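**Q** structure, please.
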Amino acid sequence: MSRKKLTRNLVFKLTIALVVAVLGFATIRMSGAAGFLVKAEAETGALAGAATALAQQTGSSGGSTVKFGGGSGVFSCDQAGIQKLVDSVSSTNLETNLRKLVQDDSKPTPNELISRHISAPGNKVKVDWAKQMYASYGYEVISQDFSDGSYDLSNAVARLTGSATPNTVYGAGGHIDTTSENKSQVAPGADDNGTGTVAALEAARVLKQFQPCLKSTLEFVAFNDEEEAGDGSAIYADSVKSRSPKGFFNMDMLGAPDGSTVCTHTYYNSDTRDAPFFDQAQTASTKYKIDLTMDKIFNDENNHDTANLWAANQPALFFSQCGEIQDEHYHSTTDNVQYVNFTQVTKVTKVVVAMLAELAME
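**A** Numbering: from 1, shown residues only. Okay, here's the model as predicted:
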């Protein structure tokens with residue numbers, strides 16, 4: 001072969017190798033039905049890397065060791081991977097999103113004067129904001145529209161469909177509407193229930209990274225109308241019952257401002273249906289180094305969103321701060337961000353992330 005041909009041949013081969021390397025680096029595919037992960041990474045070298053494809057079969061339980069992602073964002077479908085998820089829950093994100101949720105978008109920031117009561121324009125503005133946030137994280141967003149009297153309302157539902165058992169559903173959320181002594185004008189609802197709303201948003205953001213491990217479907221919900229008729233959670237419960245709802249974690253008032261009572265109540269309604277989630281929450285708190293103080297309380301009231309899930313015979317656990325009624329800002333125009341304990345909100349979010357990851361991976 002002549003030197004010219006040899007040179008052309010070498011250049012051609014180098015070009016092909018480089019193209020393959022670039023395409024390989026960009027290609028990450030998960031075949032959920034078959035349980036295979038295909039990952040291609042570029043290796044450093046004289047040509048900026050030759051492509052290497054790695055395929056690993058997932059196991060049938062949460063103990064598989066499949067790895068995915070790149071660089072410092074490598075996850076594994078096991079305890080170590082879930083620990084990384086838990087550690088990525090951001091208190092800064094929680095506070096930033098809470099401030100966005102309670103502010104009036106028509107006024108300079110910071111302010112905390114908006115009302116999300118169903119009679120206020122801010123209700124629709126902030127439900128739409130929640131939908132946009134979920135969409136930005138890569139979720140399918142469903143608007144569940146309904147009416148309470150003359151008010152047209154909607155729930156924001158975000159869905160991440162599972163790879164193997166998509167009709168099996170686990171979820172988390174909290175109500176987004178507010179109330180106060182001046183509910184149509186000023187009801188910022190930072191603790192009640194901005195904290196539960198942004199905890200669900202942060203859990204969704206984190207768990208999206210874990211999608212290749214998730215066999216079951218995850219749903220995150222911003223319920224509307226809890227402070228009045230409670231129709232939002234009832235409509236959601238009805239919408240999911242035709243599938244297989246296996247567990248929902250409702251979060252309502254997480255940021256107890258009183259440091260002497262920093263703990264979380266976990267309410268259940270059935271020893272066989274709901275109570276086992278409390279044991280899992282306690283185990284997760286220890287296993288993933290979260291250190292959330294929890295107690296377990298039987299609840300048969302019907303004036304909260306979890307009760308509507310229980311009424312539909314759906315397994316659910318209700319997280320709420322200790323001493324919520326003693327909070328001087330409860331259902332008040334002064335329920336503002338500065339009184340929220342973000343350490344507590346962060347810990348609950350981490351426990352919910354760990355539980356959902358474990359359950360949806362099985």
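**Q** from the chain's centre, how far out does stretch 208-218 sit?
**A** Remark: stretch 208-218 is offset 11 Å from the chain centroid, using Cα atoms, centre = their mean, to the nearest Å.
**Q** just stretch 122-132 next, same as before
**A** Mean-position distance between stretch 122-132 and its chain equals 17 Å (Cα atoms, centre = their mean).
**Q** next, the buried residues of that stretch.
**A** Across stretch 122-132, burial judged by 16 or more other Cβ atoms under 10 Å covers 122, 123, 124, 126, 127, 129, 130, 131. (Glycine included, C-beta is placed from N, CA and C.)
**Q** repeat for stretch 104-117
**A** 104, 112, 114, 115, 116, 117.
**Q** how far does it sit from the chain's center?
**A** Put simply, stretch 104-117 sits 24 Å off its chain's centre (Cα atoms, centre = their mean).
**Q** got a list of contacts for it?
**A** Residues from elsewhere that reach stretch 104-117 (Cβ atoms under 8 Å, 6 or more residues apart in numbering): 99, 101-103, 120, 122-123, 125-126, 176-180, 182-190, 227, 336-337.
**Q** only alpha carbons, please: show that stretch as CSV.
**A** Backbone C-alpha positions of stretch 104-117 (Å, rounded to 0.1, in the frame of the first residue of the first chain) are rendered in CSV as follows:
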residue,chain,number,x,y,z
ASP,A,104,-46.5,37.4,45.0
ASP,A,105,-45.1,37.3,41.5
SER,A,106,-46.5,40.7,40.7
LYS,A,107,-44.4,42.4,43.4
PRO,A,108,-40.7,42.8,44.0
THR,A,109,-39.1,40.0,46.1
PRO,A,110,-38.7,39.1,48.8
ASN,A,111,-42.3,39.3,50.0
GLU,A,112,-44.6,36.8,51.6
LEU,A,113,-48.0,38.3,51.0
ILE,A,114,-49.6,36.0,48.5
SER,A,115,-52.6,33.9,49.3
ARG,A,116,-53.1,30.4,47.8
HIS,A,117,-56.6,30.1,49.2
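**Q** what's in contact with stretch 294-308?
**A** 174-175, 223, 226, 230, 232-234, 236-237, 248, 250, 252, 263-269, 275, 278, 281-282, 285, 311, 316-318, 322.
**Q** follow-up on the earlier one: show the buried residues in the contacts of stretch 104-117.
**A** When the contacts of stretch 104-117 are checked for burial by 16+ other Cβ under 10 Å, the buried set is 99, 101-103, 120, 122-123, 126, 176-180, 183, 186-190, 227, 336-337.
**Q** narrow those to those in helices?
**A** Those of the buried ones among the contacts of stretch 104-117 mapping onto helices are 99, 101, 102, 122, 123, 126, per DSSP state H.
**Q** which parts of the stretch 151-300 of the chain are strands?
**A** For the stretch 151-300 of the chain, the strands defined by DSSP state E, counting those that start in this stretch occupy 151-160, 165-175, 216-223, 244-251, 264-268, 294-298.
**Q** including distance to residue 76, could these go into JSON lines?
**A** JSON lines is the format used below for the strands of the stretch 151-300 of the chain (distance: least, Cβ to Cβ, whole Å):
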{"stretch": "strand 151-160", "distance to residue 76": "19"}
{"stretch": "strand 165-175", "distance to residue 76": "20"}
{"stretch": "strand 216-223", "distance to residue 76": "18"}
{"stretch": "strand 244-251", "distance to residue 76": "23"}
{"stretch": "strand 264-268", "distance to residue 76": "29"}
{"stretch": "strand 294-298", "distance to residue 76": "27"}
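**Q** okay, the ones you listed, which one's buried deepest?
**A** For the strands of the stretch 151-300 of the chain, ranked by mean neighbour count under the definition mean count of other Cβ atoms under 10 Å, the leader is strand 216-223 at a mean of 27.
**Q** how far out from the middle of the chain is that strand?
**A** Averaging C-alpha positions (Cα atoms, centre = their mean) puts strand 216-223 8 Å from its chain's average.
**Q** mind listing the strands that strand pairs with, and their directions?
**A** strand 151-160 (antiparallel), strand 165-175 (parallel) (DSSP bridges).
**Q** quick one: those strands as a markdown table, columns for mean pLDDT and distance to residue 300 too.
**A** As requested, the strands paired with strand 216-223 are arranged in a markdown table below (pLDDT from 0 to 100; distance: least, Cβ to Cβ, whole Å):
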| stretch | mean pLDDT | distance to residue 300 |
| --- | --- | --- |
| strand 151-160 | 98 | 25 |
| strand 165-175 | 98 | 20 |
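**Q** output the ones you listed as CSV; include the columns distance to residue 86.
**A** What follows is the strands paired with strand 216-223, written out as CSV (distance: least, Cβ to Cβ, whole Å):
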stretch, distance to residue 86
strand 151-160, 18
strand 165-175, 14
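**Q** re earlier: which two from the ones in helices among the buried ones among the contacts of stretch 104-117 end up farthest apart in space?
**A** Farthest-apart pair in those is 99 and 123; separation 18.0 Å (Cβ to Cβ).
**Q** thank you kindly, that will do.
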